[in-house]
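Visitor: 3D model of this:
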Amino acid sequence: MAGFHRLFIANRGEVAVRIARSCDELGVTPVFGVSEADRDAPWTEGRQQVVLGPARSTLSYLDMTRVVQAARQSGCSALHPGWGFLAENPVFAALCEQHGVTFVGPPAHVMHLMGKKIPAKRTMGAAGLTLIPGSEGVLEDLDEARAVAESVGYPVLLKAQSGGGGKGMRVAKTADELEQAWTQARAEATAAFGDGRLYLEKLISGGRHVEIQIMADRYGEVVHLGERDCTVQRNHQKLIEESPAPVLDPEERARTLAAAVEATRSIGYVGAGTIEFLLDQSGDGGEAGVLRFMEMNTRLQVEHCVSEMRSGVDLVREQLLVAAGHPLSLTQDSLALRGHAIECRINAEDPSQGFRPSPGELTRWVSPALGEDLRVDTHVRTGYVVPPHYDSLLCKVISWGETRDAAADRMIRALEQLECEGVKTTVPMHLQILASEDFRANRYDTRAIPGFSA
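Guide: Residues are numbered from 1 along each chain as shown. Next up is the predicted model:
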């Protein structure tokens with residue numbers, strides 16, 4: 001591929017395998033950066049690899065200097081961060097560029113802008129996206145928090161300016177709870193991000209989590225690949241994603257998709273990104289609700305496969321082409337979003353025991369039969385040892401159907417075919433959810449997992 005011939009993959013497991021697959025199709029040689037725990041793991045067989053450091057991620061996958069040095073020494077002129085680890089770190093993106101390594105993602109300054117919640121909200125609001133009511137900037141002190149909370153009305157949510165992953169967030173349902181929420185959120189934000197600054201938003205209870213997949217090149221061309229509903233989640237960790245969002249009003253969908261494209265173009269974004277919203281059922285959009293901007297994820301999402309199943313577009317391939325200086329190979333008019341797609345994340349966890357991690361050896365692993373309407377993204381096989389050091393994702397199962405019910409039925413059949421022995425998995429929970437009346441009738445929101453009882 002014109003632009004670069006060797007790509008360093010600064011990640012592990014399923015996402016590393018996913019990126020390498022697109023590299024193979026483009027004739028690009030992938031090089032895996034691995035920790036000592038992942039050295040010679042089954043998913044690295046037949047691949048070039050460089051050991052970054054010990055199992056602890058801070059000494060391997062999160063060590064910026066080691067990662068960039070490994071990319072340079074292995075002769076890679078480009079680097080893909082995947083998701084998690086350093087994927088949304090603007091300092092890392094800048095470090096790559098400073099050392100002549102093309103970072104597969106947006107420019108560092110754009111990543112920095114979107115990583116700071118208040119500047120991101122201001123920018124996206126100015127570009128036409130609807131915001132969640134709250135403070136206009138970082139709160140100076142508890143007194144200002146009280147004043148803003150009174151103006152928007154309780155309950156409210158305190159959030160870390162530099163936050164992510166649910167850290168530095170606390171709810172205050174009444175004025176009496178605000179001081180404790182303020183103290184706890186500041187302490188957690190300081191410990192997690194080294195930045196205790198907070199802002200405040202009106203807490204939208206009973207909303208749906210909706211996100212829009214964006215792809216952009218260096219020449220101002222921006223397209224969307226529709227939206228995904230990611231409402232089924234636990235502790236801010238997504239469990240099931242689907243597209244299209246089943247409860248979204250068509251007019252609100254069209255309006256927000258167009259606004260998201262223009263907002264992305266306005267900040268000079270490049271690559272794959274996701275703009276996340278909360279569907280406010282009690283908002284000014286009437287009974288159907290209104291989509292309110294939450295944040296932008298400046299990377300490839302775990303659930304990008306859902307959009308790929310509906311569009312037929314290989315998003316990683318587009319990422320690599322754009323990073324190499326090519327224009328997008330698609331236009332909005334050329335995109336056709338078909339049917340309904342659902343993704344289930346299967347983790348080595350025991351839902352009946354509070355989602356306790358279940359590391360260990362897979363004594364048996366059989367994936368369901370694949371086809372045009374079913375996809376399985378995984379890095380595991382029989383004999384693989386699930387390490388205790390990292391995320392416990394085993395695979396993602398993605399189904400497609402002409403209708404939502406058809407996609408859900410196909411998913412149930414696939415999960416019933418999946419065989420995994422040696423560790424506990426979340427498959428039983430997913431089967432409960434998919435078969436439940438609440439899930440099928442869309443009677444759920446972010447407050448509970450539909451149809452699931454431990």
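Visitor: so where's the stretch 101-250 of the chain shaky on pLDDT?
Guide: 165 (pLDDT under 70).
Visitor: Start from the N-terminal end of it and give the helices.
Guide: Assigned by DSSP state H, counting those that start in this stretch, the helices in the stretch 101-250 of the chain fall at 108-115, 117-126, 142-152, 175-193, 250-266.
Visitor: Show me what the strand or helix carrying residue 429 is packed up against.
Guide: Using DSSP states H and E, residue 429 falls within helix 427-435. Under the contact definition 3 or more C-beta pairs under 8 Å, 6 or more residues apart in numbering; DSSP states H and E, helix 427-435 sits against strand 237-243, strand 340-347, helix 404-417. From N, CA and C alone the C-beta is placed, and that goes for glycine too.
Visitor: and the helix or strand following the second one, what's its mean pLDDT?
Guide: Okay, so that is strand 340-347. Next in sequence after strand 340-347, counting helices and strands by DSSP H and E, comes strand 349-350. Averaging pLDDT along strand 349-350 gives 96.
Visitor: Distance check, residue 232 against residue 300.
Guide: 21 Å (C-beta to C-beta, to the nearest Å).
Visitor: check contacts around the residue nearest to residue 265 when sequence neighbours are not counted.
Guide: Excluding its sequence neighbours, the residue lying closest to residue 265 (C-beta to C-beta, 6 or more residues apart in numbering) is residue 222, at 4.7 Å. Neighbour list for residue 222: 214-216, 261-262, 264-265, 269 [criterion: C-beta atoms under 8 Å, 6 or more residues apart in numbering].
Visitor: And the residues you listed, which of them are buried?
Guide: Among these, those buried by neighbour count (16 or more other C-beta atoms under 10 Å) are 214-216, 261, 264, 269.
Visitor: Going by distance to residue 453, which of these wins?
Guide: Nearest to residue 453 among the buried ones among the contacts of residue 222, counting by C-beta to C-beta, is residue 214 at 36.8 Å.
Visitor: who does that closest one bridge with?
Guide: residue 224, residue 273 (DSSP bridges).
Visitor: just residue 243 next, same as before
Guide: Under the criterion used (DSSP bridges), residue 243 bridges to residue 341.
Visitor: need the contact list for residue 276.
Guide: 209-211, 293-297.
Visitor: try 10 Å this time
Guide: Under the criterion of C-beta atoms under 10 Å, 6 or more residues apart in numbering, the neighbours of residue 276 are 209-212, 228, 230, 291, 293-297, 301.
Visitor: Now, of those, which are buried?
Guide: For the contacts of residue 276, buried by 16+ other C-beta under 10 Å: 209-212, 228, 230, 291, 293-297, 301.
Visitor: Between those, which sits nearest residue 444?
Guide: Distances from residue 444 to those, taken by C-beta to C-beta, are shortest for residue 209, at 11.1 Å.
Visitor: mind checking how far stretch 82-95 is from the chain centre?
Guide: 14 Å (C-alpha atoms, centre = their mean, to the nearest Å).
Visitor: Just the endpoints, please. Distance across it?
Guide: End-to-end distance for stretch 82-95: 17 Å, by C-alpha to C-alpha, to the nearest Å.
Visitor: Give me the average confidence score over it.
Guide: Mean per-residue pLDDT for stretch 82-95: 96.
Visitor: From residue 418, how far out is the residue nearest the centre of the chain?
Guide: The geometric centre of the chain, computed from its C-alpha atoms, lies nearest to residue 301 (C-alpha atoms, centre = their mean), at 3.6 Å. As for residue 301, its distance to residue 418 is 23 Å (criterion: C-beta to C-beta).
Visitor: And for residue 211?
Guide: 26 Å.
Visitor: hmm, back to that, tell me which two of the buried ones among the contacts of residue 276 sit farthest apart.
Guide: 291 and 301 (17.3 Å).
Visitor: Kind regards, and thank you for your time.
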